[in-house]
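Colleague: Compute the structure for the input listed below.
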Amino acid sequence: MLSIFRIDRFYSSTRRVIALVSIAALLATQCTSYQLMFGGVSHHFTREFRGKPYNELHHTVGFGGRNEFAKGFVGWSAQYMKNSFDNDALYFTGQLGFRNITLGRFTNSTGFLMGLATGYADRFGLRSQSPIPLAGLANDMRLYDFYL
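Modeller: The predicted structure follows:
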């Protein structure tokens, strides 16, 4: 028998997924290029958290879009990942980058990203599904249409 807590938990996470997919679909109609994302690895300098080793191989799948302009781009991405704490995580980020190297078909862009992620909040004393803000530096290396 499902408790009210389990039903609410399932329903609220389903609403979040539907909201993310709807936002992604809306943004996708306005992009000049699109990308699929797979894989993911990380390295942690402390080997464990609360006695449990980190997961450093992430199963990631995602979708994103970007609008290019003369010296850079504005983009977004939505991803699912099995994160370092072995939790299911959803990411939604926006990026702003500036092209700093162009050598033939190779370009390198550096910029910023901001967004929300789920699956990490238990580290901060919240429910795992609660979104937390994220921000950071981003670097895109591109050869033809392949990004690293």
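Colleague: Pull up the distance across stretch 100-110, start to finish.
Modeller: Terminal residues of stretch 100-110 are spaced 7 Å apart (CA to CA, to the nearest Å).
Colleague: let's have the chain start at 33 instead
Modeller: Got it, first residue is 33 now, which makes that one stretch 132-142.
Colleague: quick one: low-confidence parts of the chain?
Modeller: 33-50, 52-61, 154-160, 180 (pLDDT under 70).
Colleague: With Gly129 as the reference, measure out to Asp172.
Modeller: For Asp172, the distance to Gly129 (CB to CB, to the nearest Å) stands at 6 Å. To be clear about C-beta, it is placed using only N, CA and C from the backbone, and glycine gets the same treatment.
Colleague: These two: who's more crowded?
Modeller: Legend: neighbour count by other CB atoms under 10 Å for Asp172 and Gly129, higher for Gly129 (22 against 18).
Colleague: Spatially nearest residue to that one (excluding sequence neighbours)?
Modeller: Nearest non-adjacent residue to Gly129, counting by CB to CB, 6 or more residues apart in numbering: Gly143, 3.0 Å away.
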